[in-house]
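Novice: Below is the sequence, then the predicted model.
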Amino acid sequence: MSSGNPQPEIGPIEYEYGKEHSLPLEFNLRKLAETRKPILLPGHRLCAGCGAAIVIKLIGYALRGPTVIANATGCIEVATTIFPYTSWAIPWIHVAFENAAAVASGIEAAYKAFQEAGRLPYKNVDVIALAGDGGTYDIGIQALSGMAERGHKVLYVLYDNEAYMNTGIQRSGGTPIYAWTTTSPVGSIIPGKTQPKKPIADIMVAHRIPYVATATAAHWADLFRKVRRGLEANGPAFLHVLSSCNRGWRHALEVAVEVSRRAVDTCYFPLWEYKLGEGYYLTDRSLQIARNPKLKQPIEKYLELQERFRHILRPEAAKLLKQLQEYVDAVWQDLLNRAVNAPK
Ligand SMILES: Cc1ncc(C[n+]2csc(CCOP(=O)(O)OP(=O)(O)O)c2C)c(N)n1
Ligand code: SF4
Ligand SMILES: [Mg+2]
């Protein structure tokens, strides 16, 4: 575990549920970059243009004080702590592939015991569990479900690059339908992965935890606010962040943010948050699209940046493209039906 200084205090920030832009105007990206301490320092070995690096940087801006991260194995862990070095500027612990949530639960319980015994030198210590899609949808779901059921006050961050990237782009429960991976190859019989993405954030909503949300690196203010909400929640919180991977998605190095923006513009990955007792709220661009459906882009806009979907855009695959569009539309409509702030 590395040590480091806590982030200087900002907040609490007042914001309301159901609003489109709810970060106060005095917060802008430049000011945050100038005033906040980075939690990930230069020298790590994440690929150039890796979406996960941007996600971590943005999450770091939103921390509210002393914070510990329990990080499951995966690209972020492997590339940031090449022995004997670490890029982490805050306390960070590497755990196994399957148990980020279990280790985070233990850390939270220990701090709680110190606090109750009057032995905690801080008012509060935040605990974050950080894991990829393989470590969350598949191998870590048991530990995650247990953490939620026991009610640990931990923010679980899923950075979802939609495959087991660190070990060579194998498909996971988070890989979308028709995506190419090395274990869901594209051929004359199989068009990439044949199963749709597991609805992991809805599965966490079903655990009846206080806070669940989705986010991307392209909607930084939305992400900032959701990290804060997750840390302030009175119990377990789950944040699902789409995290582009140029190696696995086969896109150009410079489009990490653009591809995330298009994921939201096409309603492939809608932005929402869930508050226990109130329900689902659309946020940011997804709320704008709900109010003005003309803003919704066809799914091709998202697919065309990524070689992993190249086969779906061929003329002979028109039927698959149509099916994919219908699937995205149905999931979006289902969310509109549930969202408290969607126009009815
Ligand atoms: C029990 C176990 N099985 C397999 C592995 C090998 N392994 C390490 S990282 C990894 C892939 C991680 O995928 P994901 O969680 O999606 O993170 P990413 O690498 O995509 O960032 C695998 C299979 C392991 N470390 N432990
Ligand atoms: S393989 Fe993908 S997720 Fe991993 S470091 Fe490279 S770009 Fe990032
Ligand atoms: Mg992954």
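Specialist: In hand now; what should we look at? Ligands and ions are numbered 1, 2, ... in the order given.
Novice: Going by C-alpha atoms from here, please, whenever you check contacts or count neighbours.
Specialist: Will do.
Novice: all strands for the stretch 101-250 of the chain, in order.
Specialist: 126-132, 155-160, 211-216, 237-242 (DSSP state E, counting those that start in this stretch).
Novice: what ranges do the helices span in the stretch 151-300 of the chain?
Specialist: Under the criterion DSSP state H, counting those that start in this stretch, helices of the stretch 151-300 of the chain are mapped to 200-205, 220-232, 246-249, 256-265, 284-291, 300-303.
Novice: of all those, which lies closest to Arg45?
Specialist: Closest to Arg45 of the helices of the stretch 151-300 of the chain is helix 246-249 (Cα to Cα; 13.7 Å).
Novice: Could you pull up the mean pLDDT of that closest one?
Specialist: The pLDDT scores in helix 246-249 average 98.
Novice: cool, stretch 133-140 as well?
Specialist: 98.
Novice: Any buried residues in that stretch, and which?
Specialist: 133-137, 139-140 (16 or more other Cα atoms under 10 Å).
Novice: outside of that stretch, which residues touch it?
Specialist: 72-74, 97-101, 141, 144, 158-164, 172-174, 198, 200 (Cα atoms under 8 Å, 6 or more residues apart in numbering).
Novice: Over to stretch 268-282?
Specialist: With Cα under 8 Å, 6+ apart, stretch 268-282 has contacts from 17-18, 205, 208-215, 226, 242, 263-264, 283-287, 299, 328, 332, 338-342.
Novice: Got a ChimeraX select line for the buried ones in these?
Specialist: To isolate the buried members of those in ChimeraX, using 16+ other Cα under 10 Å:
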select :17,18,205,208,209,210,211,212,213,214,215,226,242,263,264,283,284,285,286,287,299,328,332,339,340,341,342
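Novice: Name the nearest residue to Ala290, sequence neighbours excluded.
Specialist: Closest residue to Ala290 apart from its sequence neighbours, by Cα to Cα, 6 or more residues apart in numbering: Ala342 at 6.1 Å.
Novice: Distance to ligand 2 added to the helices of the stretch 151-300 of the chain, as JSON lines?
Specialist: Below are the helices of the stretch 151-300 of the chain laid out as JSON lines (distance: least, Cα to the nearest ligand atom, whole Å):
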{"stretch": "helix 200-205", "distance to ligand 2": "19"}
{"stretch": "helix 220-232", "distance to ligand 2": "18"}
{"stretch": "helix 246-249", "distance to ligand 2": "5"}
{"stretch": "helix 256-265", "distance to ligand 2": "9"}
{"stretch": "helix 284-291", "distance to ligand 2": "25"}
{"stretch": "helix 300-303", "distance to ligand 2": "17"}
